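Visitor: Structure of the sequence below:
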Amino acid sequence: MLDLTLDQVRAYVGPGYRGLMNPTEMRAALDQAGVVVNELDRDTLYRPMGPRKFGSPVIARGITRLQWDGPWLRPGVPPSVAYRHTHWVASVPDRHGFPDAFDCNWGWQGFGELFGNMRSLALETPGATGAWWPTHIYEIALPAAAVQTG
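Guide: Predicted coordinates:
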């Protein structure tokens, strides 16, 4: 998404990486990388208890945090348990300006293909229902210098 190597990304994440990132940590890493972040209201892309509205608008460059549905969301379960059942997906514009998505499990796919397969990925988590939704949507604008050299 930022056209960086994994080693370059590690510098922005910091030495305390635990193998997962919450939204505060992700936002801090993006800020550290010097990109402009526009946090979208998730209801512009998703309406809880209603139809998904991906595509109005779809972010061409950004990162989205998804929540898997399961028993970790029941009343009385600490929120930190639900945080362990989330997933980040990055997107970048293809040569036509449409988003391609990167998932650490499946690699690069067309945005529609990846999100069409998301239920299967969610079901790989024991106890998951297969339902999922975005909780945080960060649209990224690269600094002008990066756009000119990239």
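Visitor: can you give me the strands in this structure?
Guide: Secondary structure of the chain (DSSP state E): strands at 36-40, 62-68, 86-93, 99-103, 107-110, 132-141.
Visitor: Mind checking which residue lies nearest the centre of this protein?
Guide: The residue lying closest to the centre of the chain (Cα atoms, centre = their mean) is Thr64, at 2.4 Å.
Visitor: Quick one: residues contacting that residue.
Guide: 88-91, 134, 136-138 (Cβ atoms under 8 Å, 6 or more residues apart in numbering). No exception for glycine: its C-beta is placed from N, CA and C like everyone else's.
Visitor: buried subset of those?
Guide: 88-91, 134, 136-138 (16 or more other Cβ atoms under 10 Å).
Visitor: Tyr12 reaches Gln32, doesn't it?
Guide: Yes. Counting by Cβ atoms under 8 Å, Gln32 is a contact partner of Tyr12 at 4.3 Å.
Visitor: tell me, what's touching those two both at once?
Guide: Contacts common to Tyr12 and Gln32, judged by Cβ under 8 Å, 6+ apart, are absent.
Visitor: who's more crowded, those two?
Guide: More crowded of Tyr12 and Gln32, by other Cβ atoms under 10 Å: Tyr12, with 16 against 12.
Visitor: Tell me, how many residues neighbour His85?
Guide: By other Cβ under 10 Å, 20 other residues sit near His85.
Visitor: ok, now Leu6?
Guide: Applying other Cβ under 10 Å, we find 7 residues neighbouring Leu6.
Visitor: what's the answer for the one 5 residues further on, then?
Guide: Applying other Cβ under 10 Å, we find 12 other residues in the vicinity of Ala11.
Visitor: pLDDT at it, what is it?
Guide: On pLDDT, Ala11 comes in at 88.
Visitor: if we can go back for a sec, return the distance of the residue nearest to the centre of the chain relative to Pro78.
Guide: Per Cβ to Cβ, to the nearest Å, Thr64 is found 24 Å from Pro78.
Visitor: For the chain, which segments are assigned as helices?
Guide: 6-13, 23-33, 79-83, 111-116, 118-123, 144-149 (DSSP state H).
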